[in-house]
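Visitor: here you go, sequence then predicted model.
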Amino acid sequence: MSLRNYKHRMCFQELSAALSSEAGRLYPLKCDMIRETDIKEAFQWIKSNLGGVDILVNNAGVASENSLMGGQP
């Protein structure tokens, strides 16, 4: 696991803990949207543990880290 992934996992675990006293639940799942197996495994986990998907927000995106001066035109 890379340091970046570790930091993201820790953020989600902390967020999940912080929300534990609130209504509803947070289930952080790792899912790489370019890997079909990840997508299938995520939906299988959801189906097995939660019964299915009622609402799906597709918020996958691509980030490019460039500065204003160093980026491509």
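Guide: Arrived safely, thanks for sending.
Visitor: could I have stretch 18-25 exported to PDB, CA atoms only?
Guide: Output of stretch 18-25 as PDB, limited to C-alpha atoms (Å, rounded to 0.1, in the frame of the first residue of the first chain):
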ATOM      1  CA  ALA A  18     -16.400  10.600  13.800                       C
ATOM      2  CA  LEU A  19     -19.800   9.900  12.200                       C
ATOM      3  CA  SER A  20     -20.500   6.800  14.400                       C
ATOM      4  CA  SER A  21     -22.800   8.700  16.600                       C
ATOM      5  CA  GLU A  22     -24.800  10.200  13.700                       C
ATOM      6  CA  ALA A  23     -27.800   8.700  11.900                       C
ATOM      7  CA  GLY A  24     -26.800   6.400   9.000                       C
ATOM      8  CA  ARG A  25     -23.600   4.600   8.400                       C
END
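Visitor: got the contact list for that stretch?
Guide: Leu26 (CB atoms under 8 Å, 6 or more residues apart in numbering). Placement of C-beta: from N, CA and C, glycine included.
Visitor: average pLDDT for the helix or strand hosting Ser48?
Guide: Ser48 is part of helix 36-50, with elements assigned from DSSP states H and E. For helix 36-50, mean pLDDT is 92.
Visitor: same question, stretch 13-22
Guide: Averaging pLDDT along stretch 13-22 gives 83.
Visitor: got the end-to-end distance for that stretch?
Guide: 15 Å (CA to CA, to the nearest Å).
Visitor: in the helix holding Ser48, what's buried?
Guide: Using 16 or more other CB atoms under 10 Å as the test for burial, helix 36-50 gives Ala42.
Visitor: hey, C-alpha coordinates of it in PDB?
Guide: What follows is helix 36-50 as a C-alpha-only set of coordinates in PDB (Å, rounded to 0.1, in the frame of the first residue of the first chain):
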ATOM      1  CA  GLU A  36     -13.700  -4.400 -13.600                       C
ATOM      2  CA  THR A  37     -12.900  -6.900 -10.800                       C
ATOM      3  CA  ASP A  38     -12.900  -4.000  -8.200                       C
ATOM      4  CA  ILE A  39     -16.300  -2.800  -9.400                       C
ATOM      5  CA  LYS A  40     -17.800  -6.300  -9.300                       C
ATOM      6  CA  GLU A  41     -16.300  -7.000  -5.800                       C
ATOM      7  CA  ALA A  42     -17.600  -3.700  -4.500                       C
ATOM      8  CA  PHE A  43     -21.100  -4.400  -5.800                       C
ATOM      9  CA  GLN A  44     -21.000  -7.900  -4.400                       C
ATOM     10  CA  TRP A  45     -20.000  -6.600  -1.000                       C
ATOM     11  CA  ILE A  46     -22.800  -4.100  -1.100                       C
ATOM     12  CA  LYS A  47     -25.400  -6.700  -2.200                       C
ATOM     13  CA  SER A  48     -24.200  -9.200   0.500                       C
ATOM     14  CA  ASN A  49     -23.900  -6.700   3.300                       C
ATOM     15  CA  LEU A  50     -26.500  -4.100   2.600                       C
END
